[in-house]
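>>> model this:
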Amino acid sequence: MRSKVVHPYQILRKLGSGAGGVVYYARDTTLLRPVVLKMWRMPKGTGDSAPEKVLREARIASSIEHPNVCAIYEVGEFDGDSFIVMQDVPGRTLAQLIARGPLSLQLALSIGVQISDGLAEAHRRGIFHRDLKPANIMITDGGLVKILDFGLARRNTAEQIAPAVTNGPKRKSYSTRGGTLSRTWRPNSS
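Okay, the predicted model is just below:
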């Protein structure tokens with residue numbers, strides 16, 4: 001990165017990188033708060049457009065307003081790079097917590113319930129994360145869970161989303177569409 005400032009965001013340090021880009025810890029110089037800045041530069045000739053990909057991810061993630069989903073503040077472009085600015089969630093990833101050893105039953109249940117709550121809200125909006133893993137779950141020191149990284153998420157159209165209430169027997173279908181899990185569950189009808 002040639003500049004240490006992206007719009008009003010002053011980059012303080014690199015947090016990590018992956019196939020999707022580079023993630024930085026930054027400071028919003030206008031609102032004087034910490035933020036996380038995720039930046040991409042797509043290689044030429046891939047046929048993939050970074051601005052379109054970033055905008056799609058930001059739109060999907062920002063449409064889920066829930067305490068267990070990381071908030072998106074801004075999306076844009078700067079000096080040939082596309083970026084998303086999101087809420088800074090101080091704490092550790094679930095992967096880091098697991099690496100330290102077994103979780104207490106209380107903590108494991110709390111994390112599981114919060115992940116389920118955040119995903120349930122996403123699913124109500126027809127959004128499927130498709131990359132849920134311990135590295136994409138942040139837990140604050142106070143125990144609040146935030147689901148991160150909706151880069152692979154997909155939104156189903158209204159016709160594909162089952163109505164919330166049906167008159168027949170309850171049936172739920174789960175599919176990652178392109179992932180590894182696909183199953184249908186039916187409760188016992190007896």
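
>>> List the buried residues in the longest helix seen in the chain.
The helix spanning the most residues in the chain, taking DSSP state H as the definition, is helix 105-124. Judged by neighbour count using 16 or more other CB atoms under 10 Å, the buried positions of helix 105-124 are 110, 111, 114, 115, 117, 118, 119, 121, 122, 123. Heads up, the C-betas are built off the backbone N, CA and C, glycines and all.

>>> Just give me the closest of these to residue 63.
residue 122 (8.9 Å; CB to CB).

>>> what pLDDT does that closest one get?
pLDDT, residue 122: 93.

>>> Can you tell me which of the buried residues of helix 105-124 is nearest residue 61?
residue 122 (9.1 Å).

>>> show me what contacts residue 85?
9, 26, 28, 35, 36, 37, 72, 73, 74, 75 (CB atoms under 8 Å, 6 or more residues apart in numbering).

>>> For it, pull up the helix or strand it's in.
strand 81-87 (DSSP states H and E).

>>> Quick check: next helix or strand after that strand?
By DSSP H and E, the next helix or strand past strand 81-87 is strand 92-93.

>>> Give me the sheet partners of that following strand and which way each runs.
strand 137-139 (antiparallel) (DSSP bridges).

>>> ok, residues contacting the helix or strand following the partner strand?
Counting by DSSP H and E, the next helix or strand C-terminal to strand 137-139 is strand 145-147. Defining contact as CB under 8 Å, 6+ apart, one finds that strand 145-147 is touched by 68-70, 87, 89, 110-111, 114-115, 118-119, 122, 129, 132, 136-140.

>>> So for strand 145-147, mean pLDDT?
On average, strand 145-147 scores 96.

>>> Direction included, what does the next helix or strand after the longest helix of the chain pair up with?
With elements assigned by DSSP H and E, the helix or strand that comes after helix 105-124 is strand 127-128. Strand 127-128 has the following sheet partners, assigned by DSSP bridges: strand 154-155 (antiparallel).

>>> so residue 78 touches residue 7, yeah?
Yes: if you go by CB atoms under 8 Å, residue 78 and residue 7 touch, sitting 6.2 Å apart.

>>> which residues in the protein form helices?
Applying DSSP H to the chain gives helices spanning 50-62, 94-99, 105-124.

>>> longest single strand anywhere in the chain?
Secondary structure of the chain per DSSP state E: the longest strand is strand 9-18.
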